[in-house]
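*Asks:* what would the 3D arrangement of this be:
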Amino acid sequence: MLNPFPELLTYSLLGPFLLRIILAFIFVNLGILKFRGEKERWIASFETLGLRPTSLFVPLYGLLQVIGGILLLIGLWTQVAVLAFVIFTGIELYIEWKAGKILKRDLVFYLLLFVISLSLLLTGAGAFAIDIPL
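*Replies:* Numbers count the residues shown, from 1 in each chain. As a prediction, this is how the structure comes out:
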């Protein structure tokens, strides 16, 4: 079947750009929450996984999310950042599946973040990024 709006394909680089910007804001927010409001929940979830010392891993995990979100926002090393986010959201999916009462969000939220990250890994940064292939 033919595309009903072929002229819109001219703007195909805007799709990954919009996903990249939204994902950046979400991960910066999630990273900041690990330093503030959700720190105790994340300590409990890391202990569920057996990751110790949790007082080291939770702030490190939050810092990696903030740094990755900033990299996504400016479009630098996008595929590296989203590869980390694919791994992070895979872990968070496992935590939510194993101990659903600990984290604040549900399985669908983490699944959506996982799929958006995987999509950006496969498609690249989109428009307005530093690492656009030449």
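*Asks:* name the nearest residue to the residue positioned nearest the centre of the chain, sequence neighbours excluded.
*Replies:* With distances taken as C-alpha atoms, centre = their mean, Phe85 lies nearest the centre of the chain, 4.3 Å away. Closest residue to Phe85 apart from its sequence neighbours, by C-beta to C-beta, 6 or more residues apart in numbering: Ser117 at 4.1 Å. C-beta: built from backbone N, CA, C; applies to glycine.
*Asks:* now do the helix or strand hosting that neighbour, average pLDDT.
*Replies:* Assigned by DSSP states H and E, Ser117 belongs to helix 107-123. With pLDDT averaged residue by residue, helix 107-123 scores 94.
*Asks:* mind exporting that helix as PDB, just the C-alpha atoms?
*Replies:* As requested, the backbone C-alpha atoms of helix 107-123 are provided in PDB (Å, rounded to 0.1, in the frame of the first residue of the first chain):
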ATOM      1  CA  LEU A 107       5.400  -2.200  34.100                       C
ATOM      2  CA  VAL A 108       3.900  -0.400  31.100                       C
ATOM      3  CA  PHE A 109       5.900   2.800  31.800                       C
ATOM      4  CA  TYR A 110       9.200   0.900  31.800                       C
ATOM      5  CA  LEU A 111       8.200  -1.100  28.800                       C
ATOM      6  CA  LEU A 112       7.500   2.200  26.900                       C
ATOM      7  CA  LEU A 113      10.900   3.700  27.900                       C
ATOM      8  CA  PHE A 114      12.600   0.400  26.800                       C
ATOM      9  CA  VAL A 115      11.000   0.500  23.400                       C
ATOM     10  CA  ILE A 116      11.700   4.200  22.800                       C
ATOM     11  CA  SER A 117      15.300   3.700  23.800                       C
ATOM     12  CA  LEU A 118      15.600   0.600  21.500                       C
ATOM     13  CA  SER A 119      14.000   2.600  18.700                       C
ATOM     14  CA  LEU A 120      16.600   5.400  19.100                       C
ATOM     15  CA  LEU A 121      19.400   2.900  19.300                       C
ATOM     16  CA  LEU A 122      18.300   1.500  15.900                       C
ATOM     17  CA  THR A 123      17.300   4.800  14.100                       C
END
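*Asks:* appreciated, that's everything.
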